[in-house]
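Undergrad: coordinates only, sequence not included:
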């Protein structure tokens, strides 16, 4: 998922790519914690994810439409679907 630290001071999901937990996360979800650890920045989330491997399941606490809930998110290796992307050295 793509997230950003919004002007409201909250960590918000602003996009979820199809096939990458789009069945449990939605644009606009506010991320409160990951595996029970409070997060307040993208760096916090990245640091917590470093302890996980592809296929691991993590619990993300979110706020959606003023309702707090926990969702189970699977860790994926991101593979962009755009085959026109190229890298140069």
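TA: That came in fine, so what should we check first? Because the structure is a prediction, the values reported are computed rather than measured.

Undergrad: just the endpoints, please. Distance across stretch 21-34?
TA: Across its full length, stretch 21-34 reaches 15 Å between end residues, using C-alpha to C-alpha, to the nearest Å.

Undergrad: who's in contact with that stretch?
TA: The contact list for stretch 21-34 (C-beta atoms under 8 Å, 6 or more residues apart in numbering) reads 1, 3, 10-16, 38-39, 44-45, 48-49, 58-64, 68, 71-74, 76. In this view, the C-beta of every residue, glycine as well, is placed from N, C-alpha and C.

Undergrad: now do that stretch, average pLDDT.
TA: The average pLDDT for stretch 21-34 rounds to 91.

Undergrad: and it, how far from the chain's centre?
TA: Put simply, stretch 21-34 sits 6 Å off its chain's centre (C-alpha atoms, centre = their mean, to the nearest Å).

Undergrad: kindly report the same for stretch 13-23.
TA: For stretch 13-23, the distance to the chain centre is 8 Å (C-alpha atoms, centre = their mean).

Undergrad: likewise for stretch 17-37?
TA: For stretch 17-37, the distance from its own C-alpha centre to the chain's C-alpha centre is 5 Å (C-alpha atoms, centre = their mean).

Undergrad: next, the buried residues of that stretch.
TA: 20, 21, 24, 25, 26, 29, 30, 31, 32, 33, 34, 35 (16 or more other C-beta atoms under 10 Å).

Undergrad: quick one: end-to-end length of stretch 38-56, please.
TA: End-to-end for stretch 38-56, by C-alpha to C-alpha: 19 Å.

Undergrad: between the buried residues of stretch 17-37, which is nearest residue 54?
TA: residue 20 (11.7 Å; C-beta to C-beta).

Undergrad: wait, the closest one touches residue 76, no?
TA: Yes: under the criterion of C-beta atoms under 8 Å, residue 20 makes contact with residue 76 at 5.4 Å.

Undergrad: give me the ChimeraX select line for the contacts of stretch 21-34, limited to the buried ones.
TA: Buried residues among the contacts of stretch 21-34 (16+ other C-beta under 10 Å), as a ChimeraX selection:
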select :1,3,11,12,13,16,39,44,45,48,58,60,61,62,71,73
